[in-house]
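Chemist: what's the 3D shape of this:
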Amino acid sequence: MQELLNLQKKFFRSGATLPLAFRKESLQRLQLAIRENEQALALALREDLGKSPAESYMCEIGMCLNSVREALNHLKKWASPRRVSTPLSQFPASSHILPEPFGVALIMSPWNYPVLLSIDPLISALAAGNCCVLRFSRSAPSTAAALEKMLSATFPREYVCAVRGDTDTAQQLLGLPFDTIFFTGSPGVGRQVMRAAAEHLTPVTLELGGKSPCIVDSSADIPLAARRIAFGKTLNAGQTCVAPDYLLIHRSREREFCREFAHAVREMLGENPAANTNYAHIVSDRHFRRLLNLMRGSSILFGGRSEERHLRIEPTLLGDVTPDSPCMQEEIFGPLLPVISYDTLDEAEEWVRSRPKPLACYIFTRDGSVEKRLLASISSGGACVNDTIMHLAVPSLPFGGVGESGMGAYHGKTGFDTFSHAKGVLRRATWLDLPFRYAPLTDFKQKILRFFLR
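Modeler: Numbering: from 1, shown residues only. Modelled structure (predicted):
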């Protein structure tokens, strides 16, 4: 690992990654590689997570192609020095902000979206001019192998290198002085990453998770809300960091919502979703058993069936949920949705605000004042009004967490900035050198200084 880091640092110091022509060519090569390996990546995602080819393209492969196209279209503008104002006290001078790459980036990706959450940050890192080491999750071995093969055939290892391995490999990597670390995963492992980074004062971006709420008020379009929440909860069988984690719904609309949710699930996945081969499965036996345990103590409002042989659990609504219920003690990360009714908006706000800040907040309402109030009062990494998940598909929106749901953000220009250092540059003219800053600071000079610095 140390040899690999030294190799990449040497390549970065050569200046090869700095020209925009090199970065653009690298992104084009990555774009072509994704297209050529689409079938292999989809097959690997099928083997690891049971994703259908259509879902793999919509949520991973196609998203990566969209991101690389966005970077290619805007790279010149993103990388250009940005002129900023200069105070009159600095006359004659000009100021600008110059984005420069950090150097060698370590990208650590999770198992739930192993293509998207590896390649998307890689696109940002390469656009910014960095070298990269990627470490894949061992819980998605087929996808890790496919990505390693694709990247090793596309880039020399001194520029981009994929690393597989166990926890010891991850610890070895974290013990090295990378120039920046980008981690996607659980808050618990995120803390370990941050502790390791602190030893070298390495900047980190942590994309974590949390219990993202859905708030459905009395004015909401319930059939639409149910369909869009069902979409967000069934995508990758709920194993999505921004999946709706629990539902807060006005008591007057609860029964209607449950009925419409059941209808939406049947339309998407049939009468027996657990037997639908196009419905993703739970990643492992351990997570399957964990999800079954989270149902304890709650009633089943809809769903509840599971198929252990294929590790599938159908989308399930849980009732009789209290703050002490098992399903409210951790991020669910599966197709279970606790349903909690409220009478006043104050109650719903208190449910969310009394818990750690979520990665996403979903608001369903047709009342503009309710939308404005909840967006202002609830702090979250991102938000959707009258939809779920889809804010991720907007490259111009930053994606990231706040508080326990993460720090830093990426996607589009924000991702370029995340992998860049914004260097402030002041350029002074030589044809005039005003004497007011030089000693001795006479009364006259002090008056001039006070005129400019006030």
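Chemist: In the stretch 351-454 of the chain, mark out all the helices, start to finish.
Modeler: With helices called from DSSP state H, counting those that start in this stretch, the stretch 351-454 of the chain shows them at 368-377, 412-418, 443-452.
Chemist: got it, and the stretch 101-250 of the chain?
Modeler: Under DSSP H, counting those that start in this stretch, the stretch 101-250 of the chain gives helices at 116-128, 141-154, 167-174, 187-199, 222-234.
Chemist: most tightly surrounded among the ones you listed?
Modeler: helix 116-128 (a mean of 27; mean count of other Cβ atoms under 10 Å). (Glycine included, C-beta is placed from N, CA and C.)
Chemist: which residues sit against that helix?
Modeler: Helix 116-128 has contacts (Cβ atoms under 8 Å, 6 or more residues apart in numbering) with 17, 23, 26-27, 30, 34, 59-60, 63-64, 67-68, 71, 75, 78-79, 99, 101-102, 105, 107, 109-110, 132, 134, 136, 147, 160, 182, 184, 207, 410-411, 415-416, 418-420.
Chemist: still on that earlier bit, of the helices of the stretch 351-454 of the chain, which stretch is the most buried?
Modeler: Using mean count of other Cβ under 10 Å, helix 412-418 ranks as the most buried of the helices of the stretch 351-454 of the chain, with a mean of 22.
Chemist: Can you show me the strands along the stretch 1-150 of the chain?
Modeler: For the stretch 1-150 of the chain, the strands defined by DSSP state E, counting those that start in this stretch occupy 82-84, 93-101, 104-108, 131-135.
Chemist: Actually, the stretch 301-450 of the chain.
Modeler: 306-307, 312-313, 316-319, 336-342, 360-364, 382-385, 399-400, 406-407, 409-410, 420-428.
Chemist: For the second one, what is the distance to the chain centroid?
Modeler: On the basis of Cα atoms, centre = their mean, to the nearest Å, strand 312-313 sits 25 Å off its chain's mean C-alpha point.
Chemist: Give me the helices and strands touching it, please.
Modeler: helix 285-294, strand 306-307 (3 or more Cβ pairs under 8 Å, 6 or more residues apart in numbering; DSSP states H and E).
Chemist: now those in a markdown table, with distance to residue 388, mean neighbour count and mean pLDDT?
Modeler: Shown next, in a markdown table, are the helices and strands packed on strand 312-313 (distance: least, Cβ to Cβ, whole Å; neighbours: other Cβ atoms under 10 Å; pLDDT from 0 to 100):
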| stretch | distance to residue 388 | mean neighbour count | mean pLDDT |
| --- | --- | --- | --- |
| helix 285-294 | 19 | 16 | 96 |
| strand 306-307 | 23 | 18 | 94 |
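Chemist: could I get the helices of the stretch 351-454 of the chain as TSV with distance to residue 358 and mean pLDDT?
Modeler: Converted to TSV, these look like this (distance: least, Cβ to Cβ, whole Å; pLDDT from 0 to 100):
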stretch	distance to residue 358	mean pLDDT
helix 368-377	12	97
helix 412-418	19	97
helix 443-452	46	90
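Chemist: In a markdown table, list those along with distance to residue 154.
Modeler: As requested, those are arranged in a markdown table below (distance: least, Cβ to Cβ, whole Å):
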| stretch | distance to residue 154 |
| --- | --- |
| helix 368-377 | 41 |
| helix 412-418 | 19 |
| helix 443-452 | 54 |
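Chemist: returning to what we had before: tell me which of the helices and strands packed on strand 312-313 approaches residue 348 most closely.
Modeler: helix 285-294 (21.9 Å; Cβ to Cβ).
Chemist: which helices and strands does that closest one pack with?
Modeler: When contacts are defined as 3+ Cβ pairs under 8 Å, 6+ apart, helix 285-294 packs onto strand 312-313.
Chemist: that older thread, any idea which of the helices of the stretch 351-454 of the chain gets closest to residue 351?
Modeler: Using Cβ to Cβ, the nearest of the helices of the stretch 351-454 of the chain to residue 351 is helix 368-377, at 11.8 Å.
Chemist: The closest one to strand 360-364, inter-axis angle?
Modeler: Angle of helix 368-377 versus strand 360-364, following axes from the mean of the first three to the mean of the last three Cα atoms, to 10 degrees, is 170 degrees.
Chemist: Which residues outside helix 368-377 are in contact with it?
Modeler: Taking Cβ under 8 Å, 6+ apart as the rule, helix 368-377 contacts 215, 217, 219, 345, 349, 353, 361, 363, 365, 383, 385.
Chemist: Show me this protein divided up by domain.
Modeler: Domain assignment for the chain by automatic domain parsing gives 2-208+402-423, 213-400.
Chemist: Over to the longest one now: how far is its first residue from its last?
Modeler: Between the opening and closing residues of domain 2-208+402-423 we find a distance of 28 Å, counting by Cα to Cα, to the nearest Å.
Chemist: now do stretch 299-313
Modeler: End-to-end distance of stretch 299-313 (Cα to Cα): 16 Å.
Chemist: Give me the contact list for that stretch.
Modeler: Taking Cβ under 8 Å, 6+ apart as the rule, stretch 299-313 contacts 50, 237, 258, 261-262, 265, 272-276, 279, 281-285, 288, 291-292, 295, 314-320, 334-336, 339.
Chemist: which of these count as buried?
Modeler: 50, 237, 258, 261-262, 265, 273-274, 276, 279, 281-283, 288, 291-292, 295, 314-318, 334-336, 339 (16 or more other Cβ atoms under 10 Å).
Chemist: now, the most widely separated pair of the contacts of helix 368-377?
Modeler: Among these, 219 and 353 lie farthest apart (Cβ to Cβ), at 21.4 Å.
Chemist: Among those two, which residue is more densely surrounded?
Modeler: residue 219 (15 against 11; other Cβ atoms under 10 Å).
Chemist: Tell me if I'm right that that one and residue 386 touch.
Modeler: No. The criterion here is Cβ atoms under 8 Å, and residue 219 misses it with residue 386 at 10.9 Å.
Chemist: Give me the common contacts of these two.
Modeler: Contacts common to residue 219 and residue 386, judged by Cβ under 8 Å, 6+ apart, are residue 365.
Chemist: what residue ranges in the stretch 1-150 of the chain are flagged as low confidence?
Modeler: In the predicted model, the stretch 1-150 of the chain carries no residue with pLDDT under 70.
Chemist: Any idea how far apart the tips of stretch 160-178 sit?
Modeler: Using Cα to Cα, first and last residues of stretch 160-178 are 14 Å apart.
Chemist: An error on my part: the question was meant for stretch 121-135.
Modeler: Stretch 121-135: ends 12 Å apart by Cα to Cα.
Chemist: same deal with stretch 12-22?
Modeler: Using Cα to Cα, the two ends of stretch 12-22 sit 12 Å apart.
Chemist: Just the buried positions in that stretch, please.
Modeler: Quick answer for stretch 12-22 (16+ other Cβ under 10 Å): 12, 17.
Chemist: who touches that stretch?
Modeler: So stretch 12-22 is contacted by 11, 23, 26, 75-76, 79, 101, 103-104, 126, 129-131, 159 (Cβ under 8 Å, 6+ apart).
Chemist: Closest one to residue 151 out of these, please.
Modeler: Nearest member of the contacts of stretch 12-22 to residue 151, counting by Cβ to Cβ, is residue 159, at 9.9 Å.
Chemist: My read is that that closest one contacts residue 11, right?
Modeler: Yes. The pair residue 159 and residue 11 qualifies as a contact (Cβ under 8 Å) at a distance of 6.0 Å.
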